[in-house]
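Q: here's my sequence, what's the structure:
(chains A and B)
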Protein chains: 2
Amino acid sequence: MNIESFFSENTKKALENNPPGEWMPETPNKCIRLSSGFPEPSLVPVTELKKAIVGLLEEEEDLPFHYLGSPRMANLKRQIQKRLVERQIDVSDGELLITSGACQAIDLIARILITNDTTVAIEAPTYMEALEIFQNYTHNFISIPVDQFGLQTLEFEKILVERKGKGLPLPRFLYTIPTFQNPTGTTMTLHRRQHLLELASEYNFLILEDDAYGELFFDKCLLSLKALDKKGRVLHVGSLSKVVAPGLRIGWVVGPSKSITALAWFKKDLDHPFSQAAMATYLDNTDFQLRLNVLRGRYRTKCEVLILALEKFLPKSVSWHIPEGGYFVWIKITGVDTGGLLTKALLEGVSFVPGKHFFLDQNAGKEFLRLSFSYSSEKEIVQGIKKLGKVVKGYLK
Amino acid sequence: MNIESFFSENTKKALENNPPGEWMPETPNKCIRLSSGFPEPSLVPVTELKKAIVGLLEEEEDLPFHYLGSPRMANLKRQIQKRLVERQIDVSDGELLITSGACQAIDLIARILITNDTTVAIEAPTYMEALEIFQNYTHNFISIPVDQFGLQTLEFEKILVERKGKGLPLPRFLYTIPTFQNPTGTTMTLHRRQHLLELASEYNFLILEDDAYGELFFDKCLLSLKALDKKGRVLHVGSLSKVVAPGLRIGWVVGPSKSITALAWFKKDLDHPFSQAAMATYLDNTDFQLRLNVLRGRYRTKCEVLILALEKFLPKSVSWHIPEGGYFVWIKITGVDTGGLLTKALLEGVSFVPGKHFFLDQNAGKEFLRLSFSYSSEKEIVQGIKKLGKVVKGYLK
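A: Numbers count the residues shown, from 1 in each chain, chains lettered A, B, ... in the order given. Now for the predicted structure:
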């Protein structure tokens, strides 16, 4: 019996487009992981989380182990609302849904908005996991280029005008990471943000704003699309994975209440009571502004170390964008296929993510790669870039 | 702007069919909850879980808080494989997927198998949450009646013969809870299990076996459909929610490796590293057979207490099925609308689930209700049934 014959058409298509196992090669354990978009282990508040968990269990006994038992779960929503208000996003209870990380949020949004023939606009390049998720639902994409000032809204407008003129379908929504984008580290200017919101009104589409890195600015904070949105066109996705710990999987969506009702309907009881109660207790006990200041300082320093190492060890023909926050630096090496480069880099003991994984048209990403300064220590970053420099120079010979 | 105009057709249909908020009325806090399919609080191993979590954090520090950091996560798979082998289900790594509870497993299976026009066979009555999930994907259902010996396979065969004769679509899969069914507590006989597997081969459909209660037998254990399946037609879903703690949300799917690959593709990184590592540590430290024996004894006693109370306090016209395991007793009260009865019962201080919620055709469930003996204490069970008796007698006057 062939089980694949029972798969839905969508499933067959998704598997065909994305052969599982042919994604990134495994990173050997001893490698310096400049590929990983993880927080630095020493910046995960282990002691505080442990204290929160032990305290929670002493206070509530069995409650956090039940489906909906822990009273602390309600605090999580309040704590997230507090974080949002500080960023000028004022949300009522009915406009906020807690999810299992940003990925569940993106997946749920895809579920409520996308039909087989829905057109979705994405940034090129964009977060690969989001791209994979969308490809599970549709195959109609419009790729909008990103430059050092973020998504090129003028290019986007041109595309919209042209599609409208030709009677082609307009996008139902745009997926964007406007602040410290994954993978480029770029930030959309305020002017472009406003232009984008105008386009959304004019061409009647929604904006899915992925703000996973928004709180991790080095110096100055920009208003999010959601904070600027007066028309209710922005669904805002956030996460505590980058600022607390990814393993507890806490994310959220902010949006018009009717969209939250629909998302909640598809989410069902896929809540994680224990994780939510643990995170709520941790936040209740934490001066989060203080924590954010520490994180910002640390990641700024690590970014500086990476940039200095790039200047020191990479050949002159290599260029990059210096980010103002987040986790990533985007590198261009003209004349190099970064997919092939990775094989050599892994042998040398350093990993990165080849640019192709962030593009729908993988060819477009051939000369790019993403480096992360978040996970590795300063010492490892310097060693890693030194190794990368050696590999690049060998490759260019 | 009307956000609903952006919803996919499927979403609109799902919300229309299932208006959120019009489901069960809220159960007041002081009520005796004979509605809740939760484990008894005192049977959740709080001390052991706490010990496991503290031990895990001491041993692994920050690792369980990362995306994939904890080495213990691998043990969870081995522990579940061990539990399955004891039930004569021998699975390789590639045939097992860990999920966030049984619900995520059911949702993922629906995703890979169902297209808009897919026909799904379900038991009538069946687990309401599964029914809700399927309704998010299709509206073509075949309801197969359940009697005291489980799903009526002869009736099912008649329906299949008739549909084949008429050229109507046959089901792509059947969703069944063969052992201690939710809500009826009934168990499919071995004879019917074999018949069902023959039907699956003859009419070329898959079987989604929900085995959430399978380990909670009072006296004797029956072979699951998966253990009997020689053709690879059964996707077997299990959970630790009923035998350890629902709040950690650990479930799984067993199936042919190609189906597991597809399910994993749609699951993405929606894993819960912390939960999985915590549960693995708990299982590593626990004599689970001993624990199961304790649970079986306790739930058997509680079921007996409930049945005795029913005999004592309910009028003669009320009938029920005595289960041989699980959490539930299914009651029939001829001439009573149990939806209306619930309003009065809640005022009296006891809750149950009206039968209608377990049927696609809600009218079919009008005279039934589900009682759970799992959550409340023996004393509460007796008090609750006494209250229920009073309400029923008042209603029948």
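Q: so for residue A:18, what's the pLDDT?
A: At residue A:18, the model reports a pLDDT of 64.
Q: any idea which element residue A:339 lies in?
A: helix A:338-348 (DSSP states H and E).
Q: who does that helix touch, helix- and strand-wise?
A: strand A:353-354, strand A:368-372, helix A:378-396 (3 or more Cβ pairs under 8 Å, 6 or more residues apart in numbering or on different chains; DSSP states H and E). (Glycine included, C-beta is placed from N, CA and C.)
Q: for that helix, buried residues please.
A: Residues of helix A:338-348 classed as buried by neighbour count (16 or more other Cβ atoms under 10 Å in any protein chain shown): A:338, A:339, A:341, A:342, A:344, A:345, A:346, A:348.
Q: pLDDT averaged over that helix - what is it?
A: Mean predicted confidence for helix A:338-348 is 96.
Q: again with stretch A:309-324
A: 96.
Q: what parts of the stretch 151-300 of chain A come near chain B?
A: A:172-173, A:206, A:231-233, A:241, A:245-249, A:255-256, A:258-259, A:261-262, A:264-266, A:268-275, A:277-278 (Cβ under 8 Å from any Cβ of the partner chain).
Q: just the buried residues from those residues, in ChimeraX please.
A: The following ChimeraX line selects those of these that are buried, judged by 16+ other Cβ under 10 Å:
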select /A:172,173,206,232,233,241,245,246,247,248,249,255,256,258,259,261,262,264,265,266,268,270,271,272,273,274,275,277,278
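Q: ranges for the strands of the stretch 51-200 of chain A?
A: Using DSSP state E, counting those that start in this stretch, the strands found in the stretch 51-200 of chain A span residues A:96-99, A:119-124, A:140-147, A:150-151, A:173-176.
Q: right, so of those strands, which gets closest to residue B:44?
A: Smallest distance to residue B:44 across the strands of the stretch 51-200 of chain A (Cβ to Cβ): 22.6 Å, for strand A:96-99.
Q: just after the biggest helix by length in chain A, pick out the following helix or strand.
A: Taking DSSP state H as the criterion, chain A has its longest helix at helix A:288-313. Downstream of helix A:288-313, the first helix or strand assigned by DSSP H and E is strand A:318-320.
Q: and that next one, what does it pack onto?
A: The contact analysis (3+ Cβ pairs under 8 Å, 6+ apart) places strand A:318-320 against helix A:288-313, strand A:328-333.
Q: distance to chain B and mean pLDDT added to the helices and strands packed on helix A:338-348, as CSV?
A: Formatted as CSV, those follow (distance: least, Cβ to the nearest Cβ, whole Å; pLDDT from 0 to 100):
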stretch, distance to chain B, mean pLDDT
strand A:353-354, 15, 96
strand A:368-372, 13, 98
helix A:378-396, 16, 96
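Q: between these, which gets nearest to residue A:83?
A: Here strand A:368-372 is closest among the helices and strands packed on helix A:338-348 (Cβ to Cβ), at 23.5 Å.
Q: what about the spatially closest residue to residue A:74 that is not a sequence neighbour, neighbour count?
A: Spatially, and ignoring its direct neighbours in sequence, residue A:74 is nearest to residue A:280 (7.8 Å; Cβ to Cβ, 6 or more residues apart in numbering or on different chains). Other residues near residue A:280 come to 26 when the count uses other Cβ atoms under 10 Å in any protein chain shown.
Q: was I right about residue A:280 contacting residue A:71?
A: No - in this structure, residue A:280 is not within contact of residue A:71 by Cβ atoms under 8 Å, at 9.2 Å.
Q: show me the residues of the stretch 151-300 of chain A next to chain B that map onto helices.
A: Going by DSSP H, the helices hold A:258, A:259, A:261, A:262, A:264, A:265, A:266, A:273, A:274, A:275, A:277, A:278 from these.
Q: distance of the fifth one relative to residue A:110?
A: This points to residue A:264. 15 Å (Cβ to Cβ, to the nearest Å).
Q: what does the last one give?
A: Applying Cβ to Cβ, one obtains 28 Å for the distance of residue A:278 from residue A:110.
Q: cool, the second one as well?
A: Using Cβ to Cβ, one obtains 13 Å as the distance from residue A:259 to residue A:110.
Q: cool, and the first one?
A: Separation of residue A:258 from residue A:110 (Cβ to Cβ): 17 Å.
Q: equivalent analysis for the third one, please.
A: When distances are taken as Cβ to Cβ, residue A:261 and residue A:110 turn out to be 17 Å apart.
Q: all helices for the stretch 101-250 of chain A, in order.
A: A:101-113, A:128-135, A:153-166, A:190-202, A:225-228 (DSSP state H, counting those that start in this stretch).
Q: was I right about residue A:356 contacting residue A:365?
A: Yes - shown here, residue A:356 and residue A:365 form a contact pair, counting by Cβ under 8 Å, at 4.0 Å.
Q: what's the overlap in contacts for these two?
A: residue A:338 (Cβ atoms under 8 Å, 6 or more residues apart in numbering or on different chains).
Q: and the residue in the stretch 51-200 of chain A positioned nearest to chain B, what does it touch?
A: Nearest to chain B, among the residues of the stretch 51-200 of chain A, is residue A:65, at 3.7 Å (Cβ to the nearest Cβ). Contact analysis of residue A:65 by Cβ under 8 Å, 6+ apart lists A:273, A:274, B:44, B:46, B:49, B:245, B:246, B:247, B:248.
Q: just how off-centre is stretch A:34-53 within its chain?
A: 18 Å (Cα atoms, centre = their mean, to the nearest Å).
Q: against which helices or strands is the longest helix of chain A packed?
A: strand A:318-320, strand A:328-333, helix A:378-396.
Q: which other helices and strands contact the second one?
A: Where contact means 3+ Cβ pairs under 8 Å, 6+ apart, strand A:328-333 is packed against helix A:288-313, strand A:318-320, strand A:368-372.
Q: residue B:34 is nearest to which of those?
A: Closest approach to residue B:34 among the helices and strands packed on strand A:328-333 (Cβ to Cβ): helix A:288-313, 42.1 Å.
Q: could you give the angle of that closest one to strand A:328-333?
A: Relative orientation of helix A:288-313 versus strand A:328-333 (axes from the mean of the first three to the mean of the last three Cα atoms, to 10 degrees): 20 degrees.
Q: buried residues, helix A:288-313. List them.
A: A:288, A:291-292, A:295-296, A:298-300, A:302-303, A:305-307, A:309-310, A:313.
Q: out of the residues you listed, which comes closest to residue B:104?
A: Nearest to residue B:104 among the buried residues of helix A:288-313, with distances taken as Cβ to Cβ, is residue A:288, at 29.9 Å.
Q: which residue is the nearest non-sequential neighbour of that closest one?
A: residue A:83 (6.9 Å).
Q: check contacts around the one you found.
A: A:215, A:238, A:288.
Q: could you export the residues you listed as CSV, including distance to residue A:375 and pLDDT?
A: Below are those laid out as CSV (distance: Cβ to Cβ, whole Å; pLDDT from 0 to 100):
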residue, distance to residue A:375, pLDDT
A:215, 18, 96
A:238, 21, 97
A:288, 22, 96
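Q: distance of the residue lying closest to residue A:205 once chain neighbours are set aside from residue A:109?
A: Nearest residue to residue A:205, sequence neighbours excluded (Cβ to Cβ, 6+ apart): residue A:171, at 5.0 Å. Residue A:171 sits 14 Å away from residue A:109, taking Cβ to Cβ as the criterion.
Q: next one: residue A:116
A: 16 Å.
Q: how close does the residue nearest to residue A:74 get to residue A:221?
A: Separation of residue A:280 from residue A:221 (Cβ to Cβ): 25 Å.
Q: number of nearby residues for residue A:142?
A: 19.
Q: what's the answer for residue A:383, then?
A: Residue A:383, neighbours per other Cβ under 10 Å, totals 17.
Q: show me what contacts it?
A: A:32, A:350 are the contacts of residue A:383 under Cβ under 8 Å, 6+ apart.
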